[in-house]
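Undergrad: turn this into a model:
(one chain, ligands or ions: 1)
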Amino acid sequence: MTIGVLALQGDVREHSEVLASLGEVCRPVRTPDDLPGLRGMVLPGGESTTLSMLLESSGLFDPLAGALRGGLAVLGTCAGMILLATRVVDGRPDQRHFGLIDLTVRRNGYGRQEASFECPIAVASLGDPPVPAVFIRAPLVEEAGPGVEVLATLPSGPRVGGEDHRRRGGGDGTPVLCRQGRVLVAAFHPELTTDRRVHRLFVEMTKTEA
Ligand code: GLN
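TA: Here you go, the predicted structure:
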């Protein structure tokens, strides 16, 4: 069984390489014909407005929404998190999203490019050491519904760059890695570091029954 990586835009290659390094077979997903037979799907980082547009023009949005609602396990990072959230603030009015995890996310909520930053994130369920996390124009989780498991929050420790994010509302305790059923989302980019634990967790999710 294969894991699909949405390959319309964004850091598709990075996700595919991480999954391949874990021994998984990957398939780039560009059209509805690429969906059958998948046991998991990755929505990469990129630009959620562009991804939304391309999902529509490729005819993929509705069939993918159906597959995800049907229980296909999914990992969304950054723009992928935006596509999976139920509520998007500061999106384009015509931007569509799948609404599969009960989160309110604010696009670019930590600030824009200059407010990108890195910091280690403690994830209790993944053990020590903390997971290195890269935030690039990341979505800010403003609200997580009761059904959402918050696996990690933003720490108060050192970070490189992006000091501006506190003024924008992101602060200690802001959720950055969340799960609801078969949906796993990260505001950061686990595919841009050498730590494989977030992808490993996702691969495990794809192996359990819906
Ligand atoms: N800001 C982007 C968006 O709104 C997400 C950035 C990213 O994926 N690195 O989609």
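Undergrad: not counting its neighbours along the chain, what's nearest Gly99?
TA: Thr86 (4.4 Å; CB to CB, 6 or more residues apart in numbering). Using the backbone N, CA and C atoms, a C-beta is placed for each residue, glycine as well.
Undergrad: would you confirm that the one you found contacts Val105?
TA: No - between Thr86 and Val105 there is no contact under CB atoms under 8 Å: 9.0 Å.
Undergrad: hey, which helix or strand in the protein has the poorest pLDDT?
TA: strand 117-121 (a mean of 89; mean pLDDT, DSSP states H and E).
Undergrad: show me what from this structure comes close to the ligand.
TA: Gly45, Gly46, Glu47, Ser48, Cys78, Ala79, Ile82, Arg107, Asn108, Ile136, Arg137 (CB under 6 Å from any ligand atom).
Undergrad: in three-state terms, label Ala65 for me.
TA: Of the three states, Ala65 takes helix under DSSP: H, G, I helix; E, B strand; the rest coil.
Undergrad: how many neighbours does it have?
TA: Using other CB atoms under 10 Å, Ala65 has 16 neighbouring residues.
Undergrad: please tell me I have it right and it contacts Phe98.
TA: Yes - Ala65 is within contact range of Phe98, at 5.4 Å (criterion: CB under 8 Å).
Undergrad: can you pull the buried residues of stretch 192-210?
TA: Leu192, Thr193, Asp195, Arg196, Val198, His199, Leu201, Phe202, Val203, Met205, Thr206 (16 or more other CB atoms under 10 Å).
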